[in-house]
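# Pasting the sequence and the predicted model now:
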Amino acid sequence: MNEADPPSGMPNEDTLVASDIHIQATYRLTEALVAAEKKMRRRVQLLSEVVFETDSQGNLLFLNNAWRNTLGYQPEACLSQPLRSYVMEEDRSRFDLSLSSESPVQARFLGVNGDIVWMECTATTLDEGGHVGALRDITRQKQTQDEVSKLSLVASSTDNMVIITDRHGLIEWVNHAFTRRTGYVIDEVRGLKPGSFLQGPETDPQTVALIRDYIARGVSFSCDLLNYSKSREPYWASINVTPIRDSAGNIERFISVQSDSTNLRRTQQQLKTAKEAAEAANVAKTNFLATISHEMRTPLNVILGSTELALESVSAEDRVQHLRRINESGETLLRLISDLLDISKIEDGQVDLERVPFDLRTCLRGALEPVALAARGKGLDFRILCDERLPEMVLGDPGRLRQILVNLAENAVKFTSAGFVRVDAAFANAGSGPILELRVADSGIGIPEESHARIFERFVQVDNSTTRTRGGAGLGLSIVRFLAEALGGAVAVQSAPGRGSEFVVKLPLVVPSAAPAPEVGKASESTLPAVCRLLVAEDNDANFAIIERHLTNAGYRVDRAANGRLAVEAARQVRYHLVLMDVEMPEMDGLTATAGIREEEALRNLPPVPIVALTAHAVQGYRERCLAAGCSGYLAKPVRKPMLLETVAALVKPGGGGEGELCCAAPS
Ligand code: ADP
């Protein structure tokens with residue numbers, strides 16, 4: 001062996017060089033690995049997700065800084081602790097299971113301050129046992145999910161309709177309330193614009209345009225809109241639309257919450273109508289009071305003024321003229337009061353209609369006599385034409401027929417300054433039977449067409465200023481219409497301004513089958529007994545004086561009782577042919593006195609004396625009260641001479657008085 005040769009078994013130089021190279025390579029590799037590991041660890045430390053490693057026992061070997069940032073623990077302090085000990089007890093077994101099956105799991109971890117942190121864990125099992133994995137904080141996501149599911153529960157179960165659309169306004173979702181109200185299910189309407197199927201003919205286009213504008217501008221809005229259900233039933237929707245924006249402020253979708261406000265609107269409408277009606281009634285009342293006040297003050301003014309003049313007057317001729325004016329104004333007042341009473345009775349549904357046989361022509365001509373006088377006084381050509389085919393006797397209510405005719409004829413005279421007034425009573429045959437056709441035509445101021453329907457309403461006058469110039473309270477035509485309809489007929493008008501007016505009343509004609517009975521209240525004075533002694537129970541001196549004068553002028557003998565007690569006393573002493581009994585008297589009223597007289601008669605077995613009640617209570621039901629108290633008849637004040645004499649004559653005539661009832665209201 002050469003001295004230079006290394007001993008056998010010793011590495012030679014080549015081997016040593018090779019080994020050195022190898023060591024150096026290994027060293028460099030190790031250094032690179034350590035550097036890579038360090039780099040990796042630094043990267044892992046920067047992750048926002050928790051990165052962990054456990055041993056096969058599940059104890060922590062590694063945790064990055066995110067552990068501290070998420071749960072608040074120092075990672076070093078937690079090493080060697082089981083990872084599962086940081087999981088809430090209820091979630092632990094689920095956590096273990098999914099860890100071993102390598103499936104992701106969401107579990108609640110407990111933070112250092114006892115706060116709950118939702119983590120989503122993904123892990124993988126290492127060859128040598130143990131796990132390496134990541135934990136992601138999903139607490140915010142969970143809270144949002146919770147809120148969304150609560151909101152969707154609310155949206156599903158609320159009674160309000162909820163529509164969610166995308167940013168173009170196309171439906172994505174509707175709730176049950178929407179389906180219940182509209183009849184549309186989500187599959188029918190998904191992708192449609194709500195307006196394309198909910199709106200209909202009555203939907204307000206202006207509101208629709210406003211909605212489009214709000215949507216285009218992406219602003220919240222509320223409005224009310226008439227929508228239509230699937231069955232095309234209209235309903236009112238109170239709509240509230242809110243745009244939902246993403247974090248960048250762009251509109252993602254719109255949420256529309258709608259409630260059915262149909263009932264609310266109906267109630268509001270009813271309240272509005274009721275309020276308007278109340279206001280209108282108030283205005284009508286004010287106008288009514290103003291009109292009535294005017295209508296009453298005008299004749300009262302004449303009465304008082306003419307009375308003063310009559311008292312001062314020395315000439316008999318002058319006095320007569322004043323008295324005539326007083327009489328005319330009294331008549332006007334009486335007519336107004338009768339109209340008011342009639343209207344109040346009509347409103348209370350308390351109008352009684354008579355059905356008696358009467359002479360039609362006599363009734364018509366008698367009713368029109370005073371109107372004809374007034375018309376001729378104004379220089380008008382006044383004519384009455386009666387169709388020959390009209391029957392002589394008819395069955396009905398002569399008083400109401402007179403009232404209709406007088407109202408129309410008086411209006412014709414009132415609203416005509418020159419020309420004619422013509423009343424035409426014609427016979428016509430309608431399908432339902434014979435008809436009386438009354439036409440009252442004039443050449444007066446006429447009525448504009450738009451007022452034709454209104455003038456038949458209460459207190460309506462075409463021109464309120466006519467009240468001042470022509471008088472009237474706007475009641476006559478409403479009474480005419482009511483009476484015409486109550487008698488089974490109708491009234492209509494044809495008129496134009498400046499071309500006169502024609503009112504036509506059509507009434508069914510009924511001819512009495514039996515022989516005509518004499519008209520009530522038509523007894524003639526020639527049938528009176530030779531001496532008639534009457535008792536007038538009246539406390540008011542002026543009223544007694546008027547009645548006494550009318551009766552004595554007609555040939556009766558009159559005694560007076562100034563109260564009810566004196567009337568009973570007088571009736572006990574004298575067998576009167578008739579008693580006129582004022583109802584309101586001091587000491588004892590007329591009805592008590594009547595009952596007293598009837599009691600006395602029953603005790604003494606005497607035939608009953610006719611007692612006629614005189615009362616200012618011209619209201620429904622009072623007549624019945626008088627009759628129930630034992631009265632034979634009833635006269636409403638003011639007592640007019642013809643009616644007074646007719647009533648008295650009818651009750652005291654031989655064989656006619658005593659038991660019969662006779663009721664007479666003051667003529668209108
Ligand atoms: P009044 O005559 O008391 O005012 P009405 O009810 O009788 O009340 O009539 C109502 C209104 O109808 C009158 O105010 C008048 O404007 C109009 N009118 C009635 N009849 C005539 C007529 N013949 N010519 C013109 N206008 C009339």
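Ah, there it is.

# okay, CA-based contacts and neighbour counts for the rest of this
Fine.

# Stretch 376-386 near the ligand at all?
No: figure legend: stretch 376-386 not in contact with the ligand (C-alpha under 6 Å from any ligand atom); closest approach 13.5 Å.

# and the end-to-end length of that stretch?
End-to-end distance for stretch 376-386, by C-alpha to C-alpha, to the nearest Å: 19 Å.

# Run through who's touching it.
Contacts to stretch 376-386, defined as C-alpha atoms under 8 Å, 6 or more residues apart in numbering, come from residues 361, 365, 372, 375, 413, 417-426.

# Centre of the chain to that stretch, how far?
Chain-centre distance of stretch 376-386: 48 Å, with C-alpha atoms, centre = their mean, to the nearest Å.

# try stretch 216-234
Per C-alpha atoms, centre = their mean, the centroid offset for stretch 216-234 relative to its chain is 25 Å.

# for it, which positions count as buried?
For stretch 216-234, a neighbour-count test (16 or more other C-alpha atoms under 10 Å) marks 218, 220, 224-229, 234 as buried.

# What of stretch 633-652?
Those would be 633-640, 643-652, for stretch 633-652 by 16+ other C-alpha under 10 Å.

# CA atoms only: put it into PDB for me.
Extracted in PDB, the C-alpha atoms of stretch 633-652 (Å, rounded to 0.1, in the frame of the first residue of the first chain):
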ATOM      1  CA  GLY A 633    -165.700  67.100  15.600                       C
ATOM      2  CA  TYR A 634    -162.600  69.100  15.400                       C
ATOM      3  CA  LEU A 635    -161.700  72.600  14.000                       C
ATOM      4  CA  ALA A 636    -158.200  73.800  13.700                       C
ATOM      5  CA  LYS A 637    -157.600  77.500  14.500                       C
ATOM      6  CA  PRO A 638    -157.700  79.900  12.900                       C
ATOM      7  CA  VAL A 639    -161.400  79.200  12.600                       C
ATOM      8  CA  ARG A 640    -162.700  80.400   9.300                       C
ATOM      9  CA  LYS A 641    -166.300  81.500   8.900                       C
ATOM     10  CA  PRO A 642    -167.400  79.200   6.100                       C
ATOM     11  CA  MET A 643    -165.900  76.100   7.800                       C
ATOM     12  CA  LEU A 644    -167.300  77.100  11.200                       C
ATOM     13  CA  LEU A 645    -170.800  77.600   9.900                       C
ATOM     14  CA  GLU A 646    -170.600  74.400   7.700                       C
ATOM     15  CA  THR A 647    -169.500  72.300  10.700                       C
ATOM     16  CA  VAL A 648    -172.000  73.700  13.100                       C
ATOM     17  CA  ALA A 649    -174.800  73.400  10.600                       C
ATOM     18  CA  ALA A 650    -173.900  69.800   9.800                       C
ATOM     19  CA  LEU A 651    -174.000  68.800  13.500                       C
ATOM     20  CA  VAL A 652    -177.000  70.700  14.700                       C
END
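
# pLDDT (mean, whole number) over it?
Per-residue pLDDT over stretch 633-652 has a mean of 86.

# Could you pull up the residues touching L83?
Applying C-alpha under 8 Å, 6+ apart, we find L83 in contact with 54, 58-60.

# Which ones among these map onto strands?
Among the contacts of L83, the subset assigned to strands under DSSP state E consists of 54, 60.

# Out of the contacts of L83, which two sit at the greatest distance?
Using C-alpha to C-alpha, the contacts of L83 reach their maximum pairwise distance at G58 and L60, which is 6.4 Å.

# List the residues that are in contact with both of those two.
Joint contacts of G58 and L60 (C-alpha under 8 Å, 6+ apart) are 82-83.
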